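Participant: sequence and predicted structure below; questions after.
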Amino acid sequence: MTHLDRILVQTRIALSQRRSPDRLRELERMAADHTPRGFAAALRTAAKTRPAVIAELKKASPSKGLIRPEFDPAWLAQSLERGGAACLSVLTDEPFFQGSLRNLEIASQSVKLPCLRKDFIVDEFQIVEARAHRADAILLIVAALTDAELKTLRAAAKAAELDVLCEVHDREELARALDLGCEMFGVNSRNLRTFEVNTAEAEKLAELLPADAVRVAESGIGSAADIQRMTAAGYNAFLIGESLMRKDDPGDALAALLKPQLVAAE
Ligand SMILES: O=P(O)(O)OC[C@@H](O)[C@@H](O)c1c[nH]c2ccccc12
């Protein structure tokens, strides 16, 4: 069994324990109170003047363990907004990443930035949950889903007015994602089956992404040089978690990361 398989088994068990017709009705009421802010649009706007960064609120991960013990989602979200993030990503998986839907809701209500629900989405119920807890976009991981599931979940996200970040790791997954006709592609340098990070492979994949799509480089980004390298490869957005979360003030760290690029753009 791969790491991803283990995570998906847990995801389905937890889902079966919390879903019910009553809960769904309650979530639908909550979802109606949130008007999604354009996630893809915010990235496109930011990318015109600077590297568009999706800053990730990540307390822990299965590969690294505890990353940020003192975790205050409102404070983190505001810090990252001040530091120049274009969007936020909030981990909501509990067993492996110590995230929560509550964290998503708090972060989203603390800032103007559009927020992504970062989780292993396998069911439409989780899309209703996402909007109910004030997400503006969801992640769909191609490695975790069949073509039929991808199609159904993408349609459900569209119906809920949430943008979709479609995540791939290799050529085969990208071919499947292209068939889906997504607006935003994320290439994860981390293989979710083994947790190994290979940014060289992600650099090569960039040229296969549609020119008019939002092209997000994911994982293992920690320096201005990393952003420059991925920009040269063809990415126009960057998903950054751990390297920011390990800093006392992640927003200051992000501002420092963006500074050389802003000067270069002048
Ligand atoms: O912390 P990093 O190396 O900056 O990576 C962030 C993000 O790419 C990573 O958290 C991630 C990418 N895809 C995922 C899918 C599920 C959980 C987590 C992820």
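Facilitator: Structure's in. What do you need?

Participant: tell me how far stretch 37-48 lies from the chain's centre.
Facilitator: How far stretch 37-48 lies from its chain's middle: 14 Å, per C-alpha atoms, centre = their mean, to the nearest Å.

Participant: now do the buried residues in it.
Facilitator: R37, F39, A40, A42, L43, R44, A46, A47 (16 or more other C-beta atoms under 10 Å). (Glycine included, C-beta is placed from N, CA and C.)

Participant: got it, and stretch 172-186?
Facilitator: Buried residues in stretch 172-186 (16+ other C-beta under 10 Å): E173, L174, R176, A177, L178, L180, C182, E183, M184, F185, G186.

Participant: for the stretch 151-266 of the chain, which residue gets nearest to the ligand?
Facilitator: In the stretch 151-266 of the chain, the residue that lies nearest the ligand is G241 (2.9 Å; C-beta to the nearest ligand atom).

Participant: can you report how many residues lie near that residue?
Facilitator: Here the number of neighbours of G241 (other C-beta atoms under 10 Å) works out to 26.

Participant: report the contact partners of it.
Facilitator: Listed by C-beta atoms under 8 Å, 6 or more residues apart in numbering, the contact set of G241 reads A55, E56, L57, K58, S61, I67, S89, S219.

Participant: and what of D252?
Facilitator: By C-beta under 8 Å, 6+ apart, the neighbours of D252 are S79, G83.

Participant: now with 7 Å?
Facilitator: Neighbouring residues of D252 by C-beta atoms under 7 Å, 6 or more residues apart in numbering: G83.

Participant: ok so, going back, inside strands: which ones of the buried residues of stretch 37-48?
Facilitator: Among those, no member falls in strands (DSSP state E).

Participant: helices of the stretch 151-266 of the chain, start to end?
Facilitator: According to DSSP state H, counting those that start in this stretch, the stretch 151-266 of the chain carries its helices in the segments 171-180, 199-205, 224-233, 242-245, 250-265.

Participant: now the strands for the chain?
Facilitator: 52-57, 60-61, 65-66, 87-91, 115-118, 137-141, 163-168, 184-188, 214-218, 237-240.

Participant: for the fifth one, packing partners?
Facilitator: In this case it means strand 115-118. strand 87-91, helix 101-110, strand 137-141 (3 or more C-beta pairs under 7 Å, 6 or more residues apart in numbering; DSSP states H and E).

Participant: that one pairs with which strands, and in what direction?
Facilitator: Strand pairing for strand 115-118, using DSSP bridges, gives strand 87-91 (parallel), strand 137-141 (parallel).

Participant: in CSV, list the ones you listed along with mean neighbour count and mean pLDDT.
Facilitator: Listed next are those as CSV, based on neighbours: other C-beta atoms under 10 Å; pLDDT from 0 to 100:
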stretch, mean neighbour count, mean pLDDT
strand 87-91, 28, 99
strand 137-141, 25, 98
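
Participant: can you put those in CSV and add distance to Q17?
Facilitator: Converted to CSV, the strands paired with strand 115-118 look like this (distance: least, C-beta to C-beta, whole Å):
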stretch, distance to Q17
strand 87-91, 19
strand 137-141, 21
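
Participant: near the ligand, which residues of the stretch 101-250 of the chain are found?
Facilitator: Taking C-beta under 6 Å from any ligand atom, the part of the stretch 101-250 of the chain that reaches the ligand is made up of 118, 141, 167, 188, 218-221, 239-243.

Participant: all good on my end, thank you.
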